[in-house]
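Asker: Can you look at this prediction? I've put the sequence above it.
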Amino acid sequence: MNSLKKIYFASDQHLGAPTIQDSLPREQKFVRWLDIVKEDAEAIFLLGDLFDFWFEYKTVVPKGFVRVLGKLAEIKDSGIPIYFFVGNHDLWMVDYFEKELNIPVYHHPKEFVFSNKIFFIGHGDGLGPGDLGYKRMKKVFTNPFSKWLYRWLHPDIGMKLGQYLSVKNKLISGDEDVVFLGEEKEWLVQYAKKKLKEKHYDYFLFGHRHLPMEISVGEHSKYINTGDWITHFTYAVFDSKELLLKTFEK
């Protein structure tokens with residue numbers, strides 16, 4: 001890793017919620033952030049729920065989001081790697097990002113190594129103990145037959161239904177109450193501690209919880225949650241030495 005370059009992480013923009021028009025100022029703010037970080041970015045990681053609802057038909061993708069999609073295309077075309085981890089709101093992403101933007105899409109957490117530091121990165125939904133209702137629902141939604149059936153809905157109906165459920169149904173969306181539960185009840189903290197019994201990781205990086213958090217989970221290991229772009233406008237940045245949480249205020 002170039003010591004003058006940085007790696008950026010952000011999640012949970014939920015563009016389109018509660019409507020595309022209402023989320024437009026957030027989209028514009030996120031694009032401003034992308035414009036700034038591209039100047040010294042070694043890579044950019046998007047940790048899921050960029051959209052509040054996303055479903056890919058074979059020839060149709062959701063309307064809107066041209067500003068952020070165009071900016072991501074510009075950054076990727078300039079040679080800066082971008083990595084996308086699907087969240088619980090955009091878990092129906094298939095290959096649009098890969099084919100149109102040349103951005104790899106991951107459906108499960110993945111390990112990366114930067115400057116001899118081991119990162120375990122993902123969105124965070126469905127990990128750790130608890131949340132059994134959502135875990136069962138996720139199995140249904142990610143089943144190939146379920147996705148095949150949903151594609152038979154006309155896109156106007158399918159998109160409207162998905163957007164409604166994404167906002168209204170907490171069991172389907174998998175969203176938890178956005179309050180700190182305490183280390184012993186934060187499922188991702190427990191998940192990180194369990195993973196450390198298998199292997200050392202320097203950093204566990206997740207989104208999903210909508211709360212910026214930095215918690216020690218081992219003698220030399222930290223769990224960091226990137227927060228969101230609805231209330232906190234936070235992100236994480238690694239400068240080859242340490243991983244820090246920051247707030248974007250422009």
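Answerer: Structure's in. What do you need?

Asker: got a list of what Phe112 touches?
Answerer: Ile118, Phe119, Ile121 (CB atoms under 8 Å, 6 or more residues apart in numbering). The C-beta positions use only the backbone N, C-alpha and C, and glycine is treated the same way.

Asker: From those, which land in helices?
Answerer: Counted as lying in helices by DSSP state H, out of the contacts of Phe112, is not a single one.

Asker: now, which of those sits nearest Ser221?
Answerer: Ser221 lies nearest to Ile118 out of those, by CB to CB, at 9.1 Å.

Asker: Specify the beta-bridge partners of the closest one.
Answerer: Beta-bridge pairing for Ile118 (DSSP bridges): Val113.

Asker: quick one, what contacts it?
Answerer: Glu111, Phe112, Lys199, His200, Tyr201, Asp202, Tyr203.

Asker: ok, now which ones touch the fifth one?
Answerer: Yep, that's Tyr201 we're talking about. Residues near Tyr201 by CB under 8 Å, 6+ apart: Glu111, Ile118, Phe119, Phe120, Ala192, Lys195, Ser221.

Asker: Kindly confirm my reading that the fifth one forms part of a helix.
Answerer: The reference is to Ala192. Yes: when DSSP: H, G, I helix; E, B strand; the rest coil is applied, Ala192 is found to be in a helix.

Asker: Tally up the residues packed near it, please.
Answerer: By the criterion of other CB atoms under 10 Å, Ala192 has 25 neighbours.

Asker: From what I see, it and Val217 are in contact.
Answerer: Yes: with contact defined as CB atoms under 8 Å, Ala192 reaches Val217; the gap is 4.4 Å.

Asker: hang on, Glu56 packs against Leu91?
Answerer: No: applying CB under 8 Å, one finds Glu56 not in contact with Leu91, separated by 11.1 Å.

Asker: In terms of packing, which of those two has more residues around it?
Answerer: Ranked by neighbour count (other CB under 10 Å), Glu56 and Leu91 place Leu91 first, with 20 against 17.

Asker: And the pLDDT for the residue nearest the centre of the chain?
Answerer: Geometric centre of the chain, nearest residue: Gly48, 1.8 Å, by CA atoms, centre = their mean. Looking at Gly48, its pLDDT stands at 93.
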